[in-house]
Structure formats: C-alpha cells, structure tokens
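J.: Any chance you can model this:
(one chain, ligands or ions: 2)
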Amino acid sequence: MNQASDHTFDLIVLGTGSAGQSVATSCREKGWSVAIIDPRPFGGTCSQHGCDPKRVLAGAAEIIARSRSLKGRGIESENAINWSELMAFKKTFVEGIPESTEEKFEQAGIHYFYGTASFADKNSIRVGENTLTGGKILIATGAQPAKLSIQGEELLGNSEGFLDLEELPKTIAFIGGGYISFEFAHIAAEAGANVHIIHHNDKPLHNFDPDLVKALVAQMEHLGITFHFNATTEKILRSGEGYVLEGKKNGEPFRLECGLAVHGAGRVPNVDDLDLEKGGVAADKKGVTVDEYLRSVSNPDVYAAGDVSGSPGLPLTPIAGLEARAVTANLLEENSVRPNYTATPSIVFTYPMLASVGMTEEQARESGKEIKVNTVDMSGWYTYKRIGDSPSMAKIILDKSDGSILGAHVLNGEADHLINYFTIAMRHGLTAEQMSDTLFGYPTEGSDMKYLLEM
Ligand SMILES: Cc1cc2nc3c(=O)[nH]c(=O)nc-3n(C[C@H](O)[C@H](O)[C@H](O)COP(=O)(O)OP(=O)(O)OC[C@H]3O[C@@H](n4cnc5c(N)ncnc54)[C@H](O)[C@@H]3O)c2cc1C
Ligand SMILES: NC(=O)c1ccc[n+]([C@@H]2O[C@H](COP(=O)([O-])OP(=O)(O)OC[C@H]3O[C@@H](n4cnc5c(N)ncnc54)[C@H](O)[C@@H]3O)[C@@H](O)[C@H]2O)c1
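T.: Ligands and ions are numbered 1, 2, ... in the order given. Okay, here's the model as predicted:
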C-alpha cells in the first residue's frame, strides 16, 4: 500500500524507527488513516544500526573477556573472535527487517512512502512528487552524527559503518569518549585491533559516576586500549591505505596513524531536511521544541518523539518507546499523558558493563538531601569472585530521611541486571528496606542486594 489515491490522512509519521512505528501502528489500530515516510530501509536505528546489532558484537567480546577472567582457574583454552563469522551472525539479526517492517505496515493498512519528508506548510508534507496532508503530524526522525567542522571530516567512519565492517582494520581511532567509542573500542580490542580513543577533555562518559568511569578506563587500558585525553583532532588526512589524525594533546602537537577513524563525538537531532520553518515548527539544538505533552510549542498539530524531540528524555530506545506511547495517548485524547522519565537506566555495554540510574553522587550532594553513599568493592564477594568478575564496584545513594534510593551506579559483568533491579525500586518507590526484605534466588546478584542497601 505504498500509493494512496487520497493524500489526506489523520496522521502522517516521519520516520520508521522505534518511535515512529509505535505511534503509526497504535493510531491505525484505533481506526485512524495513517501514512509513514522514511528515505532509508524501514526499521530505524536501534534494530538495524544501533543497540541490537551492537549487542550481538558486544556479546562475543564479553564471552572472550569472561573466559579470560577464569584463565588458570579452570578455563584453559584461548578463545578468539572470528570477525567475518561474527559479522555473518550479526547479519542474521538485521537482514529482513526492512521487508518485515514494510509487511507490517501493509497488513495494518498503513500507507508507506520511501523518501525524505519535508514540510510544505503547517499540515502538509512533501515526499518526492507527493504532497500529503495530515490532520496531525509526528516528527520521529531520530538523530545523526554531529558535524565536527574539522578538515577531512568526510574521511571519518561512523557507528553504522563500523557495524558493517567486513574486515577489522589493524588500528582504529575513535574520536570522542562517549557510549559509542567505549562500546565499539571494547569490541574492536577484544577482536584483536589496536585501539585509540581521543577525547577532548579528561571527563569521558560524562553522565556516569566518575569513580566508576576511572575504573573502567583502567580496565580498558589493561586490555590494550590507548586513551588520549585533552586531545583535539584538527585534521584528518589520507595516508596510504589509511589515515593520519593531527591535532593537539595537552597543548602539544598530536599525530596518530590508523586504518580507520570513527566518529564517536555525539549525535544531534535529525531536522536538517525537514524545512521546519514552512511547518511553523520551532526547534533548537536539543531538537523539536515540545511542551510536556510532546506537542510542538509553535504548531499544535505537530508532535515529536524519540531522539529528535527536545524533551528532557535521554536519546535511548526505552525513551523513544515511552514518548511514543505518550504521543499516541495525546493524539487520541488531547493533553492526557505526560511521559514519566523517572529512573531512566543507562548501560554502557563494555565488559565490565557500566550502568547508572538516578542521581549521581554530585547531584545528590547538591540536592541538599541528607544522603548515605555506599561505595562498595564487590570483587571479593562470592557472586563475582566465582566468575573472576573484577573490577566489580557499586555506588548506591540513599536518602537518610525515608530510605528511598536516589541513585545507583554499577561497574561489573552483571551491571545490566543489577541496574534493572534498582530501576524497578526507584520507579515504583520501593525503599532500601523493602528491597532488602525481598527474597531473591540464591546465589545470584539479587541475593547480594541487601549488602548494597545498608542504611
Ligand atoms: C551505535 C548506537 C548504539 C546504540 N545503542 C543503544 C543501546 O544499547 N540502548 C539504547 O537504549 N539506545 C541505544 N542507542 C540509541 C537508540 O538507537 C535511539 O535512541 C533510538 O533508536 C531512537 O529511536 P527513534 O525512533 O527516535 O529514531 P530512529 O530509530 O533513528 O528512526 C528515525 C528514522 O527517521 C528517518 N528519517 C530521518 N530523516 C527523515 C526525513 N526527513 N523524513 C522521513 N524520515 C526520516 C531515518 O531514516 C530513521 O529511519 C544507540 C544508538 C546508536 C547510534
Ligand atoms: N548503550 C547505549 O545506550 C548507547 C550506545 C551508543 C549510543 N547511544 C546513544 O547515542 C548517542 C550518541 O553516542 P556518542 O557516543 O556519539 O555520544 P556521547 O554524547 O555519548 O559522547 C560523545 C563524547 O564526545 C565528546 N566530543 C565531542 N566533540 C568531540 C571532539 N571533536 N573531539 C573529541 N571528543 C569530542 C563529547 O564531549 C562527549 O563526551 C548517545 O548520547 C546515546 O544516547 C547509546
């Protein structure tokens, strides 16, 4: 159903990622006429070029790291990543997504258009030769790598290209010290590459607990990754088969040769092609400016959700889903649901993993609350010692007045599971005492919970 004879719809959705798909299908289920547009193979970032394929690769890197942790303690053989086999395995998760997404739209009776959407006026969208009119319009166009304005920027690869690498270059440089660089550097290093991370100050992963970040950096250095802090890249040049990065490090000239340089220096809302002025849609560098119901502050028929919205939500998949559900509710009944961002967990999928939910120690101290900070080295605890999970650290921040959990920060091989327990507690207001009183299966990281929550 890629052509509609009538080009007027109740809803036009721009983008087929997590946010766009969710709103389009939910509104269609309620009987709305819906059109959805995307210039790229349908399905968006998370499933095709982000979280999901990334974690297939991270899973293999994790298995190598875990087995090395028990070397000499029962594990003998050296495991190694076979890059082309791993990429072929990753492909099995990704291929077929555009076709199955199109099929889903077809079956639901959603009209789909391939092309770059842009506003023609407040309620009209241009896509190729077509002009569609929508009672309501959802902008769900995601994010793209930020422009760095450095000479030779066009020579930089990005996360999407990394996820499709047929061969792993011997030396890889990541520019920026955020999620993408840490995760991909870990994968590349475990797969045998010589890896560098170039970060412009000395605070990588700036939203995470600095003590745990320091321990993660030390662990990654131990794996052979070289960090260049306070380093800026000013130029990228071709050199033979590879590239040379030139810039400054601590004020001194800096030069690095590599087979591949990857952009890991932040992503920005994808609004460049949308002609937002024609639609009367206000936006700034945080994205489409929305009110607490995710409605454009300047065009009441337009909503935004996911990475492109200028909402307080982090650019993460669970937030794209949360915002999509809120927008759907607000489309069906005006101003009915405000998204609840309380306790948004975030995980860096390195090994060990770094995970965080709620306030950092610094934020909790600034809040003026009377707090208790439990900083715990768990490496010697049975749960972690039995699998050689070291370093294994946590910092839990409690409110002394009522025993509520204000923040949880974990670095270890089980951090993904542990952070979800803390997220449940914080989102639903369970206190340290209630969590400690919960019976967890033994011996698991859950059964250690009470030791992290001592008041
Ligand atoms: C490498 C990487 C790893 C990540 N890992 C994680 C993770 O582990 N966990 C996590 O929670 N989050 C992760 N994220 C973030 C997560 O992928 C995003 O938050 C999520 O995909 C956002 O969904 P969305 O629907 O807002 O946008 P997207 O899924 O990006 O969809 C936007 C769609 O809009 C389309 N589009 C763009 N411009 C137009 C236009 N003019 N007209 C029509 N369509 C347009 C695009 O082609 C795209 O298909 C990762 C991101 C990256 C890049
Ligand atoms: N596990 C996850 O949830 C996950 C994984 C990957 C990506 N993501 C999402 O994708 C977004 C983008 O990821 P990212 O890693 O590109 O961004 P990021 O915001 O996590 O980190 C980018 C870092 O690069 C630094 N930087 C900016 N310009 C620089 C320059 N010229 N030189 C050196 N350093 C520079 C920034 O200060 C920042 O610390 C994230 O914000 C996140 O929302 C999430």
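
J.: Name the residues of this structure found near ligand 2, please.
T.: Where the chain comes near ligand 2, counting by CB under 6 Å from any ligand atom, the residues are 148, 175-181, 183, 198-200, 206, 232-233, 264-267, 314-316, 346-349. All C-beta spots, glycine's among them, are computed from the backbone N, C-alpha and C.

J.: From these, keep the buried residues only.
T.: If you count burial by 16 or more other CB atoms under 10 Å, the buried members of the residues of the chain next to ligand 2 come out as 175-181, 183, 198-200, 232-233, 264-265, 267, 315-316, 346-349.

J.: taking those residues one by one, which sit in helices?
T.: Counting by DSSP state H, these place 179-181, 183 in helices.

J.: Tabulate the residues you listed (JSON lines), appending distance to residue 118.
T.: Shown next, in JSON lines, are these (distance: CB to CB, whole Å):
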{"residue": "179", "distance to residue 118": "30"}
{"residue": "180", "distance to residue 118": "28"}
{"residue": "181", "distance to residue 118": "32"}
{"residue": "183", "distance to residue 118": "33"}
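
J.: residues contacting residue 231?
T.: 198-200, 247-250, 254 (CB atoms under 8 Å, 6 or more residues apart in numbering).

J.: May I have the secondary structure class of the closest residue to residue 124 other than its chain neighbours?
T.: Spatially, and ignoring its direct neighbours in sequence, residue 124 is nearest to residue 133 (5.1 Å; CB to CB, 6 or more residues apart in numbering). Of the three states, residue 133 takes strand under DSSP: H, G, I helix; E, B strand; the rest coil.

J.: Tell me the pLDDT of residue 133.
T.: Per-residue pLDDT puts residue 133 at 98.

J.: What is the burial count for it?
T.: Residues lying near residue 133 (other CB atoms under 10 Å) number 16.

J.: gap between it and residue 344?
T.: 36 Å (CB to CB, to the nearest Å).

J.: which residues touch the residue in the chain positioned nearest to ligand 2?
T.: The nearest approach of the chain to ligand 2 comes at residue 178, 1.8 Å away (CB to the nearest ligand atom). Contacts for residue 178 (CB under 8 Å, 6+ apart) come out as 204-206, 264-266.

J.: which helix of this protein spans the most residues?
T.: Max-length helix for the chain by DSSP H is helix 51-69.

J.: those helices in this structure, which residues are they?
T.: With DSSP H as the criterion, the chain has helices spanning 18-29, 44-49, 51-69, 83-94, 97-108, 159-162, 179-190, 210-222, 317-332, 361-366, 382-385, 415-427, 432-436, 449-452.

J.: looking at these, which is buried most?
T.: helix 179-190 (a mean of 26; mean count of other CB atoms under 10 Å).

J.: Quick one: distance of it to the chain centre.
T.: Between the centre of helix 179-190 and the centre of its chain there are 14 Å (CA atoms, centre = their mean, to the nearest Å).

J.: Stretch 280-288 too?
T.: Taking mean C-alpha positions (CA atoms, centre = their mean), stretch 280-288 and its chain are 21 Å apart.

J.: One more: stretch 397-405?
T.: Distance, centroid of stretch 397-405 to centroid of chain: 29 Å (CA atoms, centre = their mean).

J.: what's the first-to-last distance across it?
T.: End-to-end distance of stretch 397-405 (CA to CA, to the nearest Å): 6 Å.

J.: now do stretch 401-408
T.: End-to-end distance of stretch 401-408: 17 Å, with CA to CA as the criterion.

J.: which residues are contacting it?
T.: Residues contacting stretch 401-408 (CB under 8 Å, 6+ apart): 356-361, 363-364, 367, 369-371, 394-399, 418-419, 422, 425-426, 429-433, 435, 453, 455.

J.: ok, now with 6 Å
T.: Identification of contacts with stretch 401-408 by CB atoms under 6 Å, 6 or more residues apart in numbering yields 357-359, 364, 370, 396-397, 399, 422, 425-426, 431-433, 455.

J.: Residue 38 contacts residue 14, correct?
T.: No: judged on CB atoms under 6 Å, residue 38 makes no contact with residue 14 at a distance of 7.8 Å.

J.: can you list the domains in the chain?
T.: 8-49+89-144+268-333, 153-265, 352-452 (automatic domain parsing).

J.: returning to what we had before: for the longest helix of the chain, what does the pLDDT average out to?
T.: Mean predicted confidence for helix 51-69 is 97.

J.: Point out where this structure drops to low pLDDT.
T.: Residue ranges of the chain with pLDDT under 70: 1-5.

J.: In the stretch 251-400 of the chain, which residue sits closest to ligand 1?
T.: residue 306 (2.1 Å).

J.: Spatially nearest residue to that residue, not counting backbone neighbours?
T.: Residue 306's closest residue in space is residue 19 (CB to CB, 6+ apart), at 3.2 Å.

J.: how close does the one you found get to ligand 1?
T.: Distance from residue 19 to ligand 1, counting by CB to the nearest ligand atom, to the nearest Å: 4 Å.

J.: interface residues of the stretch 301-450 of the chain facing ligand 1?
T.: So the stretch 301-450 of the chain meets ligand 1 at 306-308, 315-318, 320, 349 (CB under 6 Å from any ligand atom).

J.: give me phi/psi at the closest residue in space to residue 341 that isn't next to it in sequence?
T.: Nearest non-adjacent residue to residue 341, counting by CB to CB, 6+ apart: residue 313, 5.3 Å away. The phi/psi pair for residue 313 (degrees, to the nearest 10) reads phi -70, psi 140.

J.: In this structure residue 313 contacts residue 319, no?
T.: Yes: using CB under 6 Å, residue 313 is in contact with residue 319, at 3.9 Å.

J.: ok, the residue nearest to residue 306 to residue 72 distance?
T.: 48 Å.
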